[in-house]
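Q: Just the structure for this:
(chains A, B, C and D)
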Protein chains: 2
Amino acid sequence: MNITETEDLMRELGRVFLMAHRRIDRAMTACGASLARTKFLIYIARHEGHAHAAGIAELFDLAPRTVTEALDALERDGLITRQADPNDRRVKRLTITDEGYRAISATEPLRHELMDDICRYMTAEDKAGLIEGLRKMAAAME
Amino acid sequence: MNITETEDLMRELGRVFLMAHRRIDRAMTACGASLARTKFLIYIARHEGHAHAAGIAELFDLAPRTVTEALDALERDGLITRQADPNDRRVKRLTITDEGYRAISATEPLRHELMDDICRYMTAEDKAGLIEGLRKMAAAME
DNA sequence: GCCATATAATGAGGTTCCTCATGAATATAA
DNA sequence: TTATATTCATGAGGAACCTCATTATATGGC
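A: Predicted coordinates:
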C-alpha cells in the first residue's frame, strides 16, 4: 500500500542518513575536526575576513544560539578567532587560524573518501535519480 | 563530474532528512511526545510486559546510555514505568502507562499525515526508486 | 563449584542541536 | 528626532545523541 511505502521510505531515509553521518563524523572527529565543525571552518575560510555568525546560521539553517555555541568551542580550541567589526558593532568577525586550516586539510580528503565509499554501489544515474527524488521531497516542504 | 554528484547527493540527503525530521518532530513535540520518545513508546507498547532497554538500543541502533537517559525522561513524565525483572535481576522491565498510550494516539496520526505531505509530489515508482537507492547506500556500509 | 567473560543498566562528562528571553546596536518611521 | 522595530550575539536551560568507566548479575568452560 501507499502508506507502507511512505513509511518505509521515511524509515530508510533516516537510517541511511544516520549511518552515513555517524560513520563520517566519527572518522573525522578522530582525525581533527567533526563534520559540524568542519562545515563552519570551511565557511569561515571561504569568507575570509567577513564571516559572521548570522551568515552561518542562515546558510546552514541553524538557530543563532547553536552557532554561538559552536563558535565558542572552535575559539576555545584555537581554530578560529573573533574580532569586533568596526562598521557594525553588533557583529563579530570570524577568522580561521593556522590550526583551523590544518584541521580542514586533515579531514577534507577523508570526508570525500568516505562519501565515495558509501556511494560505491551506485551508478551516476542512480545518484541523479536519488537527488531528483530528494528534491521532490524538499519541494514539498518549502 | 562524479565527485560533485556524490557531494550533491550527500548534501541533499542531509538537508532533506533534517528538514523532514525537524518538521515532524516539532509538530509532534507540540502535541505530546517527540519523534524520539514516540518510537520508544511504540516499542514498549508492542512488547507489552517484556520490553527492556537493551532491546531498544539494539533495534534503534543507539548507545545503551542514550536509552537509559531517554527512559529516565519518559519515567519522569509518567509515560512509562520500570520494574525489576524477577528472572534476571540485571534487567528492568518497561511498561507503558495510560498517559503513554495517550501520547502515542495523539501523535501517531499526525506523524503519518506529515509524512504523506512530505511525499505528496512522489509517485509510487519515485518512492520505490528512492528506497532502492538508499538501500544501495546502506549496503555499502554494512 | 569457580572463575573468566559477557551482558544489563547506569554514572560522568561531552557534542550538536533546540526554544525562549535579553542586551546592545542599528535601521526605520512618525 | 524620538519612538519603534529589527538584527546580532548570547545567557539560561533542555533534548537527543555519543564515549568511556563502573556495578551487578548471568553464564559457559574447566
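
Q: after the helix or strand hosting residue A:11, next one along is what?
A: If you go by DSSP states H and E, residue A:11 is part of helix A:2-29. As assigned by DSSP H and E, the chain's next helix or strand after helix A:2-29 is helix A:35-46.

Q: and the direction of that following helix versus that of helix A:2-29, what angle?
A: If you take axes from the mean of the first three to the mean of the last three Cα atoms, to 10 degrees, helix A:35-46 sits at 70 degrees to helix A:2-29.

Q: which helices and strands sit right next to whichever helix or strand comes after helix A:35-46?
A: Sequence-wise, the next helix or strand downstream of helix A:35-46 (DSSP H and E) is helix A:53-60. Using 3 or more Cβ pairs under 8 Å, 6 or more residues apart in numbering or on different chains; DSSP states H and E as the contact test, the elements touching helix A:53-60 are helix A:35-46, helix A:64-76. Bear in mind the C-beta positions are built from the backbone N, C-alpha and C, glycine included.

Q: Buried residues, helix A:53-60. List them.
A: A:53, A:55-57, A:60 (16 or more other Cβ atoms under 10 Å in any protein chain shown).

Q: can you tell me how far the residue most central in space within chain A sits from residue B:57?
A: Note on chain A: the residue nearest the mean C-alpha position is residue A:39, at 4.2 Å, using Cα atoms, centre = their mean. Distance, residue A:39 to residue B:57, using Cβ to Cβ, to the nearest Å: 29 Å.

Q: Now do the helix or strand hosting residue A:108 against helix A:64-76, angle only.
A: Here residue A:108, judged by DSSP H and E, is contained in helix A:98-118. With the same axes, to 10 degrees as the basis, helix A:98-118 and helix A:64-76 are set at 120 degrees to each other.
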